[in-house]
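> got a structure for you, letters missing:
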């Protein structure tokens, strides 16, 4: 058995312990570097998430600006005179709770190719608000 080898059941000689401590220090250094990199990755992911959120908001506004004039024309084609349009309308009035995307007497607008259309049938009668 060589000087650096341990016999089964007996501790390694002191010289190999020094080597083990060096390896442990290297592992601690690598772990600290991995933690630092993970923190940086988490920061980058948070920034990317914020940018995507901002882009989604701008995209939504862009689409609304394109769709609104077409929607007015669709309603006018059905003989419905529009006086006002609203975006992301919400009501907190107890007598008139509103949810824009339900099918409870509201017009449903859907995309069709590069345009929009009213999904309701021509005989549809909207609920008066």
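Nice, thanks for sending it over. All values reported here derive from a predicted model rather than from experimental measurement.
> what helices and strands are in contact with whichever helix or strand residue 44 is part of?
Assigned by DSSP states H and E, residue 44 belongs to helix 14-77. The contact analysis (3 or more C-beta pairs under 8 Å, 6 or more residues apart in numbering; DSSP states H and E) places helix 14-77 against strand 109-112, strand 115-118. For every residue, glycine as well, the C-beta is placed using N, CA and C.
> determine the set of other helices and strands touching the first one.
Using 3+ C-beta pairs under 8 Å, 6+ apart as the contact criterion, the secondary-structure elements in contact with strand 109-112 are helix 14-77, strand 115-118.
> deepest in the core, which of those is it.
strand 115-118 (a mean of 15; mean count of other C-beta atoms under 10 Å).
> so what's the gap between that one and the chain middle?
26 Å (C-alpha atoms, centre = their mean, to the nearest Å).
> that one: partners in the sheet, and parallel or antiparallel?
If you go by DSSP bridges, strand 115-118 pairs up with strand 109-112 (antiparallel).
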